[in-house]
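Novice: What follows is a predicted protein model with its sequence.
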Amino acid sequence: MTTLQLKHIYKSFGPVDVLKDISLTVKPGKVHVLLGENGAGKSTLIKIIAGIHAADKGEILLDGETVKINGVKDAEERGISVIHQELNLVPKMSIAENLMLGKLPTRFGVVDRRKMLEKARAALEMVGLEVSLDQPVGELGIAGQQLVEIAKALSQDSQIIVLDEPTAALTTKEIEILFDLMRKLKQRGVAMIFISHHLNELAEIGDTVSVLRDGNLVAEVDAKTPEAELVKLMVGRPIDQQFPPRKVQKGPTVLEVKNLTSVRKFKDISFNVHEGEVLGIAGLVGAGRTEVLRAISGADHYDSGTVNYRGTALKTAEISKKIGLGVGLVPEDRKGQGLVLGASVTENLTYSTLLPSSKMGIVPRQKLASEADEVAKKLKVRMGNASQKVKELSGGNQQKIVFGRWVMSGAKLLLLDEPTRGVDVGAKVEIYELINNIVASGGAVVMVSSELPEILGMSDRILVMSEGRIAGELDGKSATQDEIMTLAVSNVTELTEK
């Protein structure tokens, strides 16, 4: 059993002070929660613990002894495992190979495949993930990949485990499995640092909460502190309404989807969306929600069915045409599908407006840069300046950039896949207000979310998917979580190849 202490930690990147005099103690058998807005310094702090960054000043102590952690390998050898918010997997390698990466069992100088599969299977059993070990990990959805990351860390028998937003992409059932595991780890004396923007989770699994704001440690409180008080500590002000009210008159049909089918993904999907409406899509991971949204946007192929936007028939894979008509997609995987990480904030915000803004092939860069700066400020993106590379921003701020691209382009139909994943409570309210503004101005939104309070709080109507089909439709004003989950677990049908 190991105690981790951080004493007077400071860290700056150029002129930006990211951490200022942070001290905390993580005890064996306890879950120490780090809470704060995006950009508050949480991810930087855990990267110092993981050996990715070195503190400018301060000490790290393990069982009272000052240590210097020289890289990730050194951290692992000292019994520290970190599950990062941004997944660290090799997409084309198998699930088993990813689980054993860096510690592949060998025999006579070659990989012992039997032993590798045996260890990998045991790791997956811990998180309740039932998939083929030979499947490339990149073929899993974000939730499946997250569970693989968690299994990989748990299999290392670490004494200190850091979990950065591990529940962001998980369903209620998967979160329950993870929390059961964490409780068992607590009983074994494992010390854990837990980061989550889901405040309702803290009292269930946490012991102590350290609240960061603008790089400062502003409070250390009990995990059962009321949510309203935690929000006030985190954002520096009370938030009266998590889901801003919306009074919008529903207009004519904007999007019409008929019998949309993609073999082995979803079948016979039909629905309409109207001006001034937010249509929520709920369901368990693997129900086909993401696949439907990507097919409508043109990002993925579908086999049959029709998609009509404001009376115009849209064929599969017509991405540029759909963008030109004002259809935008915020993908679930912002890092892999929504951003060019090596490009600047301005460049990422303007990618969807370059073509429509250009005249005779000339792009008005100065005008677009000015507009991008305004959007970034409106979304309260925490950054040095708009020329900063997106990869240098926190995960939540990266999510704001993906969302802001479509705000800047004036999109009138937004397809949102987990739009607030990894976003703090203050920024969530800002995104919800932007959604309300879009529908109030004659737009429409289709939103996939695994957060049932979000689905219930923001949707006018709710479609629930199960096994690739629509299991039912609920009124957003009267629906309950129990009704959604009952439909989500219903066995509608087995998808079969045509």
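Specialist: Yep, it's here.

Novice: So which residue is smack in the middle of the chain?
Specialist: Arg421 (3.4 Å; C-alpha atoms, centre = their mean).

Novice: Break down the stretch 351-498 of the chain into its helices, ranges please.
Specialist: For the stretch 351-498 of the chain, the helices defined by DSSP state H, counting those that start in this stretch cover 354-357, 365-378, 395-409, 425-440, 452-458, 481-488.

Novice: who wins for proximity to Ala75 among those?
Specialist: helix 395-409 (20.3 Å; C-beta to C-beta). Backbone N, C-alpha and C define where each C-beta goes, glycine included.

Novice: Only the buried residues of that closest one, if you could.
Specialist: Within helix 395-409, the residues scored as buried using 16 or more other C-beta atoms under 10 Å are 395-409.

Novice: mind checking how far it is from the chain centre?
Specialist: Its chain's C-alpha centre and that of helix 395-409 lie 13 Å apart, by C-alpha atoms, centre = their mean, to the nearest Å.

Novice: What of stretch 254-270?
Specialist: Put simply, stretch 254-270 sits 25 Å off its chain's centre (C-alpha atoms, centre = their mean).

Novice: Kindly report the same for stretch 192-206.
Specialist: Counting by C-alpha atoms, centre = their mean, stretch 192-206 comes out at 15 Å from the chain centroid.

Novice: cool, and stretch 200-210?
Specialist: Relative to the chain's own centre, stretch 200-210 is displaced by 20 Å; criterion: C-alpha atoms, centre = their mean.

Novice: wait, doesn't Ala123 sit right on Leu99?
Specialist: Yes - with contact defined as C-beta atoms under 8 Å, Ala123 counts as touching Leu99 (5.2 Å).

Novice: more crowded one of these two?
Specialist: Per other C-beta atoms under 10 Å, whichever of Ala123 and Leu99 has more neighbours is Leu99, with 26 against 23.

Novice: Compute the number of surrounding residues for the closest residue in space to the more buried one that isn't next to it in sequence.
Specialist: Take Leu99 and drop its neighbours on the chain: the residue closest to it by C-beta to C-beta, 6 or more residues apart in numbering is Ala120, 4.4 Å away. Neighbours of Ala120 under the rule other C-beta under 10 Å: 23.

Novice: picking up where we left off before, mean pLDDT lowest for which of the helices of the stretch 351-498 of the chain?
Specialist: Among the helices of the stretch 351-498 of the chain, helix 354-357 carries the lowest mean pLDDT, a mean of 62.

Novice: related to what we said a few turns ago, so which helix or strand takes in the residue nearest to Leu99?
Specialist: Using DSSP states H and E, Ala120 falls within helix 113-127.

Novice: ok, and for that helix, which residues are buried?
Specialist: For helix 113-127, burial by neighbour count (16+ other C-beta under 10 Å) applies to Met116, Leu117, Lys119, Ala120, Ala123, Leu124, Met126, Val127.

Novice: and if you look at stretch 476-488?
Specialist: Going by 16+ other C-beta under 10 Å, stretch 476-488 has these buried residues: Gly476, Ala479, Glu483, Ile484, Met485, Leu487, Ala488.

Novice: Can you lay out these as JSON lines showing distance to Val33?
Specialist: Converted to JSON lines, the buried residues of stretch 476-488 look like this (distance: C-beta to C-beta, whole Å):
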{"residue": "Gly476", "distance to Val33": "31"}
{"residue": "Ala479", "distance to Val33": "30"}
{"residue": "Glu483", "distance to Val33": "31"}
{"residue": "Ile484", "distance to Val33": "27"}
{"residue": "Met485", "distance to Val33": "26"}
{"residue": "Leu487", "distance to Val33": "33"}
{"residue": "Ala488", "distance to Val33": "28"}
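
Novice: of the residues you listed, closest to Lys321?
Specialist: Among the buried residues of stretch 476-488, and counting by C-beta to C-beta, the member closest to Lys321 is Gly476, at 30.5 Å.

Novice: what's the closest one sitting at in phi/psi?
Specialist: As for Gly476, its main-chain torsions (degrees, to the nearest 10) stand at phi -60, psi -30.

Novice: does the closest residue to Leu124 other than its chain neighbours belong to a helix or a strand, and which?
Specialist: In this structure, Leu124 finds its nearest non-sequential neighbour in Ala151, 5.5 Å apart by C-beta to C-beta, 6+ apart. In this assignment (DSSP H and E), Ala151 forms part of helix 142-154.
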